[in-house]
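Undergrad: Fold the following, please.
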Amino acid sequence: MVIAVPMIIVTTLGLTALIREKAGWAALIGGSLAVIGCCVLALDKGAFFLVPSAMETLTDDVFYSMAPLLQALLERRGMMAVVWLLPLISVGLIVVSAGLIRARAVPRWQAVCLIIGLALLMNPDIDIISLAGSIFLAVGIFPIGLGFIRGAYDYPNG
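TA: Model (predicted):
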């Protein structure tokens, strides 16, 4: 997931470049929200990967005595509450997708697939809904990615 963060940021910047001239507000607001959400995602994955990996080095007695700490992590107490901002990725990219529709940068069906997929991915606990969201997201984003690779998009100056 940490490796995905730079890719999501690059994808966001590419999508915002497509709409900057015709839907600048969506590019600025949506892109900013998505990048902030990506930073939160990196923090979240760092906390839930690095801290538990250090705990693996502890003896069982010491580990079990840390139960309150683990509970605080899982309940997202203190600064861990910042992870409640993770939906900013989806919200920001939904705004960018609305900008794609407004700017007519991609076919409407692709942007609608992105919006549906991103909305469904904001569900954290029901795997079948997340799977459906991933499928919608893939259907919407793959043709755009191929367009980037083929050089089919004209970027505005700047």
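
Undergrad: Need the pLDDT of the residue nearest the centre of the chain.
TA: Centroid-nearest residue in the chain, with Cα atoms, centre = their mean: I89, separated by 3.8 Å. Note for I89: predicted pLDDT of 93.

Undergrad: Excluding chain neighbours, what is closest to it?
TA: G37 (3.4 Å; Cβ to Cβ, 6 or more residues apart in numbering). Using the backbone N, CA and C atoms, a C-beta is placed for each residue, glycine as well.

Undergrad: Straight-line length of stretch 73-90, end to end?
TA: Distance across stretch 73-90, first residue to last, is 24 Å (Cα to Cα, to the nearest Å).

Undergrad: got the buried residues for it?
TA: For stretch 73-90, burial by neighbour count (16 or more other Cβ atoms under 10 Å) applies to 73, 80, 85-90.

Undergrad: export the residues you listed to JSON lines and tack on distance to I101 and secondary structure?
TA: Below are those laid out as JSON lines (distance: Cβ to Cβ, whole Å; DSSP: H, G, I helix; E, B strand; the rest coil):
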{"residue": "L73", "distance to I101": "40", "secondary structure": "helix"}
{"residue": "M80", "distance to I101": "36", "secondary structure": "helix"}
{"residue": "L85", "distance to I101": "25", "secondary structure": "helix"}
{"residue": "L86", "distance to I101": "24", "secondary structure": "coil"}
{"residue": "P87", "distance to I101": "21", "secondary structure": "coil"}
{"residue": "L88", "distance to I101": "20", "secondary structure": "helix"}
{"residue": "I89", "distance to I101": "19", "secondary structure": "helix"}
{"residue": "S90", "distance to I101": "16", "secondary structure": "helix"}
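
Undergrad: ok, which pair from those is furthest apart?
TA: The most widely separated members of those are L73 and S90, with 23.5 Å between them, by Cβ to Cβ.

Undergrad: so who does the residue lying closest to D44 once chain neighbours are set aside touch?
TA: Leaving aside its chain neighbours, D44 sits nearest to V83 (4.5 Å; criterion: Cβ to Cβ, 6+ apart). V83 is in contact with 40, 43-44, 47, 76, counting by Cβ atoms under 8 Å, 6 or more residues apart in numbering.

Undergrad: Relative to V51, how far out is the residue of the chain most remote from its centre?
TA: Most distant residue from the mean C-alpha position of the chain: D61, 38.1 Å away (Cα atoms, centre = their mean). From D61 over to V51 the distance is 19 Å, taken as Cβ to Cβ, to the nearest Å.
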